[in-house]
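*Asks:* When you get a sec, could you give me coordinates for this:
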Amino acid sequence: MFDVGMGEFLVIALVAVLVFGPDRLPRVLAQGMGWVRALRDQAANARREIMDAADLDPTITDDIRRSMSDIADLHPRRLASSILTDVPDDRPAPRPGQPGSTGAAPSFDPDAT
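*Replies:* Below you'll find the model as predicted:
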């Protein structure tokens with residue numbers, strides 16, 4: 001979700017230890033996790049209340065979600081990439097190691113650049 005690597009995580013941990021100190025850090029982390037848990041519960045309750053108020057069936061919302069993903073597949077970029085990456089049926093598929101194949105990586109010539 002946030003795409004935090006190991007280096008970034010270590011920097012965040014170091015800053016947290018410097019700001020809060022090693023004695024208060026466990027309490028601060030527990031309190032932060034409690035806030036995240038409470039926020040998640042409030043979001044779930046709000047969703048449930050909206051569905052109850054609108055008298056929606058949860059299976060219908062799953063169908064809507066699937067329909068939205070189907071509509072997202074119609075985005076011009078996705079359509080273009082699916083059209084341009086497919087191999088026509090009249091041509092044989094490339095062998096591994098050849099350009100356009102999904103197998104091994106193409107050979108690399110460091111002297112060519």
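*Asks:* Which of the residues in stretch 13-27 are classified as buried?
*Replies:* Within stretch 13-27, the residues scored as buried using 16 or more other C-beta atoms under 10 Å are Ala16. No exception for glycine: its C-beta is placed from N, CA and C like everyone else's.
*Asks:* again with stretch 25-44
*Replies:* Neighbour-count burial for stretch 25-44 flags no residue at all (criterion: 16+ other C-beta under 10 Å).
*Asks:* element containing Gln31, please.
*Replies:* Assigned by DSSP states H and E, Gln31 belongs to helix 6-53.
*Asks:* Report the mean per-residue pLDDT for that helix.
*Replies:* Average pLDDT, helix 6-53: 91.
*Asks:* quick one: average confidence on whichever strand or helix holds Asp70?
*Replies:* In the assignment (DSSP H and E), Asp70 maps to helix 58-72. Mean pLDDT, computed over helix 58-72, is 76.
*Asks:* Which pLDDT value does the model give Ala80?
*Replies:* Listed pLDDT for Ala80 reads 79.
*Asks:* and it, how far is that from Ser69?
*Replies:* Going from Ala80 to Ser69 by C-beta to C-beta, to the nearest Å gives 18 Å.
*Asks:* swap in Asp111?
*Replies:* Taking C-beta to C-beta as the measure, Asp111 falls 47 Å from Ser69.
*Asks:* ok, the two, which is more surrounded?
*Replies:* Ranked by neighbour count (other C-beta atoms under 10 Å), Asp111 and Ser69 place Ser69 first, with 9 against 4.
*Asks:* Check the gap between the more buried one and Asp63 for me.
*Replies:* Distance from Ser69 to Asp63, by C-beta to C-beta: 11 Å.
*Asks:* Could you do Ala46 as well?
*Replies:* Distance, Ala46 to Asp63, using C-beta to C-beta: 21 Å.
*Asks:* do Gly34 as well
*Replies:* 35 Å.
*Asks:* what's the spacing between Arg78 and Ile64?
*Replies:* To Ile64, Arg78 is 20 Å away according to C-beta to C-beta.
*Asks:* Having no further points to raise, I will conclude here.
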